[in-house]
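In: Need the 3D shape of this:
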Amino acid sequence: MAYAASNPVMPTALKILIAGGFGVGKTTMVGSVSEVPPLETEERMTVASLGHDNLAGVENKLATTVAMDFGRITIAPELVLYLFGTPGQHRFWFMWDDLALGALGAVVLADTRRLEQCFASVDYFEKRGTPFAVGINCFHGRREWSTEQVRKALDLGAETPVMLCDARDKESSKSVLLALLDVARAQAMARTAALPGGTVLPG
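Out: Below you'll find the model as predicted:
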């Protein structure tokens, strides 16, 4: 028994994607919550991006993610999240299938100034049956649309969390992650309820 009491808790590691369109704040969110220096693959934008990247609404953006972002956050001693930020530009979407392998769920960031930028992410996760939550990134404190207006515009059911957030703020970003864990846990429990010994997320 003495050995069992001193045996450290081995945390469950879960993979979460941070997705959304170009320039919605994915790199910022990963960096705001990561407890380790985040891995970023941002490169300076050049004239080569002209005609490929739509800068409407983010004209001052100088760099863009070309592969992925990576960070880690400990939710509880028994639960660690590994965060993978996806590239937003269409020409890098071929990487999404690899990044999505083994992912528990995703956060889809939305910018109400360019809401159409997150349509592809919503469609992608709906088709894969991947649980996701929508975080409305309130740039510079702007809150032109309510959560229900965004839910209606994206044609989302009541089971999908839609929340206002600030990707620059750790606690705000963490609240979206916790909402995602809740919906992923509920879906996992529903799938395994009839299976004795089925594994669900730790509470």
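
In: Can you list the buried residues in stretch 125-140?
Out: F125, T130, P131, F132, A133, V134, G135, I136, N137, C138, F139 (16 or more other C-beta atoms under 10 Å). (Each C-beta comes from the backbone N, C-alpha and C, glycine too.)

In: Kindly report the same for stretch 175-186.
Out: Neighbour counts over stretch 175-186 (16+ other C-beta under 10 Å) mark S175, V176, L177, A179, L180, L181, V183, A184, R185 as buried.

In: Which one of those residues is nearest to Y82?
Out: L177 (11.5 Å; C-beta to C-beta).

In: Of the buried residues of stretch 125-140, which is the nearest to T192?
Out: P131 (14.0 Å).

In: before we move on, which element is A190 in?
Out: Using DSSP states H and E, A190 sits within helix 170-192.

In: Quick check: V36 touching T74?
Out: No. If you go by C-beta atoms under 8 Å, V36 and T74 don't touch, sitting 10.1 Å apart.

In: tell me which strands and helices the helix holding A190 is in contact with?
Out: If contacts are counted by 3 or more C-beta pairs under 8 Å, 6 or more residues apart in numbering; DSSP states H and E, helix 170-192 sits against strand 12-20, helix 26-33, strand 69-76, strand 103-110, strand 132-137, strand 162-165.

In: Mind giving me the packing neighbours of the third one?
Out: Of the remaining helices and strands, those touching strand 69-76 by 3+ C-beta pairs under 8 Å, 6+ apart are helix 26-33, strand 79-85, helix 170-192.

In: No further queries at this time; thank you.
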